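> Build me a structure from this.
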Amino acid sequence: MKKLVMVFALGAMLGSCGGAASIDVESLDSPCACAEATVTVMEEAIEMGKDFKEIDDPSDEVREEFQEDFKPIQAKMDEIEKKCKGDLNPDKADKDCEAVEKAKDLMKEFRSFR
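Numbers count the residues shown, from 1 in each chain. Presented below is the predicted three-dimensional model:
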């Protein structure tokens, strides 16, 4: 139990020092920037998901802590999705934007946790 609390605390600290928490969604001004933001958030979400999956038979308390810790990441995902529509849709990025394919791959990986 202590290990889990430490993992979530570490994740929360890392998230507050950069990563998803540091993304200024309003400043996203291109499809590639949207894809890059998506990659950042997805990497953080996947890391948290992996940490949670490592716990054998988590208690209700642990599940609630995970859900609470995940809320800011989900909120950032929602914010990016809302902003990155129309002309900012990552599918409209130039072919040289590597983040588009990486974002798609990470989305598939993230869905495997659900």
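> check which helix or strand covers the residue nearest to the spatial centre of the chain.
Nearest to the centroid of the C-alpha atoms of the chain, with distances taken as Cα atoms, centre = their mean, sits residue 41, at 2.7 Å. Under DSSP states H and E, the secondary-structure element containing residue 41 is helix 31-53.
> distance between the helix or strand hosting residue 67 and the chain's centre?
Counting by DSSP H and E, the element that carries residue 67 is helix 60-83. Relative to the mean C-alpha coordinate of its chain, helix 60-83 is positioned 9 Å out (Cα atoms, centre = their mean, to the nearest Å).
> Just the angle for the following helix or strand past it relative to helix 31-53, thanks.
Along the chain past helix 60-83, the next helix or strand (assigned with DSSP H and E) turns out to be helix 98-111. Here helix 98-111 points in a direction 30 degrees away from that of helix 31-53 (axes from the mean of the first three to the mean of the last three Cα atoms, to 10 degrees).
> residues of helix 98-111 that come out buried?
By neighbour count, and taking 16 or more other Cβ atoms under 10 Å as the criterion, the buried residues in helix 98-111 are 99-100, 102-104, 106, 110. For the C-beta atoms, the positions are set from N, CA and C on the backbone; glycine is no exception.
> I am finished for the moment; much appreciated.
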